[in-house]
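>>> Any chance you could fold what I've pasted below:
(2 chains)
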There are 2 protein chains.
Amino acid sequence: MSFIATPQSMHFPEVLPLQSGASIRDYHLVYETYGTLNAERTNAVLVCHALNASHHVAGVYAGQAKSEGWWDNMIGPGKSVDTDRFFVIGVNNLGSCFGSTGPMHSHPDTGEVYGADFPVVTVEDWVNAQARLLDRLGIAQLAAVLGGSLGGMQALSWTLQHPERVRHAVVVASAPNLTAENIAFNEVARRAIVTDPDFHGGHFYRHGVVPKRGLRIARMIGHITYLSDDVMNEKFGRQLRRQVLDQAPLAAAVPPQGASDLVGGGDDDASAQSVQAYLYSTQDIEFQIESYLRYQGDKFSDYFDANTYLLITRALDYFDPARAHGGNLTRALARATAKFLLVSFTTDWRFSPQRSREIVKALLENRRRVSYAEIDAPHGHDAFLLDDARYLGVMRTYFNSIAEEVQP
Amino acid sequence: MSFIATPQSMHFPEVLPLQSGASIRDYHLVYETYGTLNAERTNAVLVCHALNASHHVAGVYAGQAKSEGWWDNMIGPGKSVDTDRFFVIGVNNLGSCFGSTGPMHSHPDTGEVYGADFPVVTVEDWVNAQARLLDRLGIAQLAAVLGGSLGGMQALSWTLQHPERVRHAVVVASAPNLTAENIAFNEVARRAIVTDPDFHGGHFYRHGVVPKRGLRIARMIGHITYLSDDVMNEKFGRQLRRQVLDQAPLAAAVPPQGASDLVGGGDDDASAQSVQAYLYSTQDIEFQIESYLRYQGDKFSDYFDANTYLLITRALDYFDPARAHGGNLTRALARATAKFLLVSFTTDWRFSPQRSREIVKALLENRRRVSYAEIDAPHGHDAFLLDDARYLGVMRTYFNSIAEEVQP
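Numbers count the residues shown, from 1 in each chain, chains lettered A, B, ... in the order given. Below you'll find the predicted structure:
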């Protein structure tokens, strides 16, 4: 059982200039807070979310079973990030689809739904919007900013955009920028959405449709890259779907006529008797992994906004603090004054340990205080959201030390 | 300059029983041959193709510039597989879209275009069809069967289905079956095609349309998995498209107004002056890798058949010779009597060296003669089609020894 979380909303009438040169005004940010801000206002921890997450980081909603926040295993009373000691803030980013102003809301001037006209937002823009929220909450300096994946990019960017406002940055399963392969996966997902006839150039709301085909494909691609090859083999392997669904006795499934003659081998083998026949279909679900991916795609297409998907993957693509410094990450990070914890996972091939080590190296070259944990976990990129004793232990130890530092 | 290749077609009126229990009759196989069959008929080499390749393995078509076969760098007079010594046969598989009977052809009974009703074909079915072609060509035994990727699966299957007809099997960048991740990528590509409204359940020919959106997505996904992360970073990195297309002086591209204030850092840096501005668009091409993928997708959707894509990826999914032996590959390969060369490439993450080593191990446990070369090449799965001196050298040495064996 977890505690009850309550979303709140803050209105910002003033203009927020964006990195693109565009701007946005009259926007809302939805957020949640857990724990109590101390009198000195020194114990605030900001949690930045990744692609499809939100402000609902921890706790449950009243009367809603299974409504745990996405990092509820990490954050809460007595947990690694202990809300009995920290005042934790989760905020939904601009352009998202979970309450903060996004493409499905209306432009304040025209009253028209933004749709594809919602301005392109970047990691830097999100950080600036988060900083204004902290101003309103009366928080001058964060004990820590914490994020995984795209959230880790925001944590890193905080230390560059507002160095004086961050004591600690905790950057989990992240990278200093995307590789070409990362961008490529994002681009395929975007093309699937944009070329879905129901996308209508991003103005599908007017047509009363949703580009679900594209969203499904996007999510399926995403899921493949969040898991490691090994964990996918372990969870699904080459298991057929019907073995799970039908629970049919294996002996009932006989190979098709003639198959053993054609294949050669196996017919003289006792175990061949129990081999379940393939469906031999190109469109029906044959393997369990297909069933899993289709289910994930369907679920996602029911709740996620297509324009938000484009915006958030683009924010990932664009993030590259070294870019303004000729690609030199060490120079880019020179302005950071925070202390850092970096965490990566050995089987994460989307944001590999090597990318975290690049950040560690650049920080050390600037003589910053950095801790680094490379967790040997089988789950790929998804590991940053999962229970792993070593990972949660590293986080607990680090946040305990922060708590002692800010609340002597 | 290469030699002139000429495609030929062979008609098979008789029924070919398929592994699924279905059958096909009155079909054509398109093939090419290079070199001369010796009097003893002992120097034939069969080349099996992978997903989007064909019978046009080597040589060029008369009067057609840039029409080199897909393995022209490997096969030809004086090349690694020397057509001055070998009689090389390339054959287009059933269900493909390059001339052999496939989904765009008509069912002999109904006269209706097969479309989605083309029977599901497997690696084993292809091998049996190829064996009948060899019967017609009067070739009782192959000096070698050779293939890469899905072609390697066919080469391996030859040694199990017709062990007495194969002296050597050369299996390049292949695997004893697909992993869950491989199947997952195939499934996403298939879903993109099947859910394209222009697919019409596989009967799009009747509607005069082609599911190009789906084919583009399928090909983009494929291309990502054919390349290594490293080579993609080297070829494209985070390079912007306009840097290549416009050749504009870098100084002309200034950051957008306000950007440097928002981002923090960089404005005090001389190199920041020359940083090209992003477009800040979710739908336009920003990065060079996006341009490359879209181009590859467009090109592919102009010539490849959607039903063929489904059939061939399914043949990949289904191949699993160990399946009839309780997953025991060693027992599955016991029936092979050929001598083997296995080749893999270090950066191939689609058919990793580990998968080739599984085959090597199973063959050695059966006391078969196996040579294995693990080539340190940067190009990922694509490496099997590219020029690499060590790779081509290994192939030359191995095929020279075959030539000496079959033509004393």
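>>> where do the strands sit along the stretch 51-200 of chain A?
A:75-76, A:81-82, A:87-91, A:142-148, A:166-172 (DSSP state E, counting those that start in this stretch).
>>> Reformat the ones you listed as a markdown table; add mean neighbour count and distance to A:Val47.
In short, each C-beta sits where N, CA and C put it, glycine included. Shown next, in a markdown table, are the strands of the stretch 51-200 of chain A (neighbours: other Cβ atoms under 10 Å in any protein chain shown; distance: least, Cβ to Cβ, whole Å):
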| stretch | mean neighbour count | distance to A:Val47 |
| --- | --- | --- |
| strand A:75-76 | 26 | 7 |
| strand A:81-82 | 23 | 8 |
| strand A:87-91 | 25 | 5 |
| strand A:142-148 | 28 | 5 |
| strand A:166-172 | 26 | 9 |
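>>> what would the ones you listed look like in JSON lines with distance to B:Arg238 and mean pLDDT?
Below are these laid out as JSON lines (distance: least, Cβ to Cβ, whole Å; pLDDT from 0 to 100):
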{"stretch": "strand A:75-76", "distance to B:Arg238": "33", "mean pLDDT": "98"}
{"stretch": "strand A:81-82", "distance to B:Arg238": "33", "mean pLDDT": "98"}
{"stretch": "strand A:87-91", "distance to B:Arg238": "28", "mean pLDDT": "98"}
{"stretch": "strand A:142-148", "distance to B:Arg238": "21", "mean pLDDT": "98"}
{"stretch": "strand A:166-172", "distance to B:Arg238": "20", "mean pLDDT": "98"}
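>>> Out of these, flag the one nearest chain B.
Closest of those to chain B is strand A:166-172, at 12.2 Å (criterion: Cβ to the nearest Cβ).
>>> so the longest helix seen in chain A versus strand A:142-148, what angle?
For chain A, the longest helix by residue count, based on DSSP state H, is helix A:389-406. Interaxial angle of helix A:389-406 relative to strand A:142-148 (axes from the mean of the first three to the mean of the last three Cα atoms, to 10 degrees): 160 degrees.
>>> Kindly export helix A:389-406 (C-alpha atoms) in CSV.
The C-alpha trace of helix A:389-406 is given here as CSV (Å, rounded to 0.1, in the frame of the first residue of the first chain):
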residue,chain,number,x,y,z
ALA,A,389,18.2,-4.4,-4.8
ARG,A,390,21.6,-3.0,-5.8
TYR,A,391,20.1,-0.1,-7.8
LEU,A,392,17.6,0.9,-5.1
GLY,A,393,20.4,0.5,-2.5
VAL,A,394,22.7,2.9,-4.4
MET,A,395,19.9,5.4,-4.6
ARG,A,396,19.0,5.0,-0.9
THR,A,397,22.6,5.5,0.2
TYR,A,398,23.1,8.6,-2.0
PHE,A,399,19.8,10.2,-1.0
ASN,A,400,20.5,9.5,2.7
SER,A,401,23.7,11.4,2.3
ILE,A,402,21.9,14.3,0.7
ALA,A,403,19.3,14.3,3.5
GLU,A,404,22.1,14.6,6.1
GLU,A,405,23.7,17.4,4.1
VAL,A,406,20.5,19.5,3.8
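>>> helices and strands around that helix, which ones?
For helix A:389-406, the elements it packs on are strand A:81-82, strand A:142-148, strand A:166-172, strand A:339-345, strand A:370-375, judged by 3 or more Cβ pairs under 8 Å, 6 or more residues apart in numbering or on different chains; DSSP states H and E.
>>> Present the strands of the stretch 51-200 of chain A as JSON lines; the columns should include distance to B:Gln407.
JSON lines is the format used below for those (distance: least, Cβ to Cβ, whole Å):
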{"stretch": "strand A:75-76", "distance to B:Gln407": "73"}
{"stretch": "strand A:81-82", "distance to B:Gln407": "73"}
{"stretch": "strand A:87-91", "distance to B:Gln407": "74"}
{"stretch": "strand A:142-148", "distance to B:Gln407": "63"}
{"stretch": "strand A:166-172", "distance to B:Gln407": "63"}
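>>> With distance to chain B as extra columns, can I get the ones you listed in a markdown table?
A markdown table is the format used below for those (distance: least, Cβ to the nearest Cβ, whole Å):
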| stretch | distance to chain B |
| --- | --- |
| strand A:75-76 | 28 |
| strand A:81-82 | 26 |
| strand A:87-91 | 18 |
| strand A:142-148 | 15 |
| strand A:166-172 | 12 |
